[in-house]
Structure formats: C-alpha cells, structure tokens
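Asks: All I have is the shape, not the residue letters:
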C-alpha cells in the first residue's frame, strides 16, 4: 500500500471517529436546558443545540476577528509579488514581506 493511500485512509478513519464521538455526545445530551437572558427572557432548547449554537457563535466571532489581519497579509503579499524586481538582492520574497510586517 502506498503511503498516500495509507494517510488518506487514516484521515477518513479519524474523521469518522470524531463524527461518531460527536454523535454519541449529541445523543447523550438531549435534555432540555434553560438559557436565561436579561429582562426575564428565557430560551429552552436541547443541550446539544445550545452547545452547537454557542460554538457557531464563537467560530463566527473568531473569523470576524481574523478577517482584517488576513486582508492585510493578502495586501502585503500582492505588494511583494508586484515589487519582486525591486526587492533587495539579499532578501527573499518572504523576508521582504516579514520585514514589512514586523520591521527589519
């Protein structure tokens, strides 16, 4: 068996194990929970739904926090690619971008 095939099989096995673990977690946490907000507002839902909602909100906030940095790095990478001939001879392209980001 080739190494690539083995690694692909290992990845699918790991994905299946993670999915089955999450499925078992969801099935074991079907009880209703109350999430109390301000002004006597209350949301009743299965625990797994509450956890998945909080996780999705956390992912969205994390991605939103990273977007400005990604845009800055893409802009600097495009600038470095367009200015490749004018880059110093002793610095590689990656070092020029790093120098723009973090100083010389």
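Replies: Perfect, thanks for sending it. Please read all numbers here as calculations on a predicted model, not as lab measurements.

Asks: got the buried residues for the helix of greatest length in the chain?
Replies: Taking DSSP state H as the assignment, the helix of the chain that covers the most residues is helix 47-82. If you call a residue buried by 16 or more other Cβ atoms under 10 Å, then helix 47-82 has these buried ones: 48, 50, 80. C-betas here are computed from N, CA, C, even on glycine.

Asks: likewise stretch 3-20?
Replies: Judged by neighbour count using 16+ other Cβ under 10 Å, stretch 3-20 contains no buried positions.

Asks: Walk me through the domains of the protein.
Replies: Per automatic domain parsing, the domain ranges recorded for the chain read 1-30, 31-102.

Asks: Distance check, the residue nearest to residue 29 when sequence neighbours are not counted against residue 59.
Replies: Taking Cβ to Cβ, 6 or more residues apart in numbering, and ignoring the residues beside it in sequence, residue 29 has residue 47 as its nearest neighbour in space, at 4.2 Å. Counting by Cβ to Cβ, to the nearest Å, the gap from residue 47 to residue 59 is 19 Å.
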